[in-house]
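**Q** Dropping the sequence and predicted coords here.
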Amino acid sequence: MKIKDLRGLSKEALEARLAELDLESSIERRKIASTGVASKKTKIREMRRTKAQVLTLLNERGAKS
């Protein structure tokens with residue numbers, strides 16, 4: 001997701017997106033652990049980047065995560 005799109009979201013929507021990203025990343029990590037192969041490295045990287053952007057926006061707005 002682009003940072004421009006994230007800036008338009010409310011605090012609650014950002015927190016929901018963060019929870020969704022946590023769930024997705026844990027699923028991907030389990031897939032890698034079970035198979036030993038990272039099939040979509042760019043997807044994992046993008047999830048980490050988006051998660052960092054969401055946390056940054058929440059911190060800018062003064063929200064506790």
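**A** Yep, it's here. Residues are numbered from 1 along each chain as shown.
**Q** Tell me where the protein has helices.
**A** 3-7, 11-35, 41-60 (DSSP state H).
**Q** I'd like those helices written out as TSV, with mean neighbour count and mean pLDDT added.
**A** C-beta coordinates here come from the backbone N, C-alpha and C atoms, glycine included. Listed next are the helices of the chain as TSV, based on neighbours: other CB atoms under 10 Å; pLDDT from 0 to 100:
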stretch	mean neighbour count	mean pLDDT
helix 3-7	11	91
helix 11-35	13	91
helix 41-60	14	91
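**Q** quick one: residue 13 and residue 20, what's the gap?
**A** Residue 13 is 10 Å from residue 20, where distance means CB to CB, to the nearest Å.
**Q** repeat for residue 30
**A** 16 Å.
**Q** My understanding was that residue 24 contacts residue 47; is that so?
**A** Yes. Between residue 24 and residue 47 there is a contact under CB atoms under 8 Å: 5.8 Å.
**Q** The residue most central in space within the chain: what's its closest spatial neighbour, skipping adjacent residues?
**A** Centroid-nearest residue in the chain, with CA atoms, centre = their mean: residue 51, separated by 3.0 Å. Computed as CB to CB, 6 or more residues apart in numbering, the closest residue to residue 51 that is not its neighbour in sequence is residue 21, at 4.6 Å.
**Q** Is it correct that the one you found is in contact with residue 47?
**A** Yes. Counting by CB under 8 Å, residue 21 touches residue 47, with 5.5 Å between them.
**Q** No more questions from me, cheers.
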